[in-house]
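give me a model of this one.
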Amino acid sequence: MKKVFAIILSMLVLGLALTACGKKEEAPVETLANDTAIVGTWMEDYWDSGYTFNADGTGKDIFWSQDFTYTALDGNLTISYVEGLWAEKDFTYTVAGNVLTLTEVTEPSADGQPAEEPGTWDYTKTE
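The predicted model follows:
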């Protein structure tokens, strides 16, 4: 009788131990609510440079061949490079038909004036 009780008790403990080791719930993947108008490949004619913006918030700087993630909302674009020359770049943007206009956001100098003239580039959608 003691052996039967020991076996039942062992099975009960083993069952509880296995139940406690259930599958861990994974955190939901956050999807970026990016402006869908920016999705696609945009090329600049003069320098043969451009950007590819994917719907999942990833992309590629074509000229530098650098991968990045991005957020594009309300006319503000932030590109966060995975590795490479820059950690992050900020732009304002507009999309008019098949033309994407990016204007670089520059940090002000110590006296409050722009440190440099912001660059503006036009890109034509190819895809």
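
which stretches in the protein count as strands?
Assigned by DSSP state E, the chain shows strands spanning 40-43, 50-53, 58-61, 66-73, 76-81, 88-96, 99-104, 120-125.

which stretch among the ones you listed comes nearest Asn34?
In this view, the strands of the chain are compared for proximity to Asn34 by CB to CB, and strand 66-73 is the closest at 4.7 Å. C-betas here are computed from N, CA, C, even on glycine.

tell me what the closest one is packed against?
strand 58-61, strand 76-81 (3 or more CB pairs under 8 Å, 6 or more residues apart in numbering; DSSP states H and E).

what's the angle from that strand to strand 88-96?
60 degrees (axes from the mean of the first three to the mean of the last three CA atoms, to 10 degrees).

begin at 41 from here
That works, and once the first residue is 41, the last one we named lands at strand 106-113.

just the angle between strand 106-113 and strand 116-121, please?
Going by the same axes, to 10 degrees, strand 106-113 makes 160 degrees with strand 116-121.

please work out how many residues are found near the residue nearest to Lys129 when sequence neighbours are not counted.
Among residues not flanking Lys129 along the chain, Ile119 sits closest, at 4.8 Å (CB to CB, 6 or more residues apart in numbering). For Ile119, the neighbour count with other CB atoms under 10 Å is 21.

pretty sure Ile119 contacts Phe108?
Yes - under the contact definition of CB atoms under 8 Å, Ile119 touches Phe108, with a separation of 4.9 Å.

so what sits against both of those two?
Common contacts of Ile119 and Phe108, defined by CB atoms under 8 Å, 6 or more residues apart in numbering, comprise 99, 101.

what sits against Met124?
In this structure residue 124 is Gly, not Met. So Gly124 contacts 101, 104, 106 (CB under 8 Å, 6+ apart).

are any of these buried, and which?
By neighbour count, with 16 or more other CB atoms under 10 Å, these hold 101, 106 as buried.

sort the contacts of Gly124 by pLDDT and name the bottom one.
Across the set of the contacts of Gly124, Trp104 stands lowest in pLDDT, at 88.

please tell me how far it sits from Trp161.
14 Å (CB to CB, to the nearest Å).
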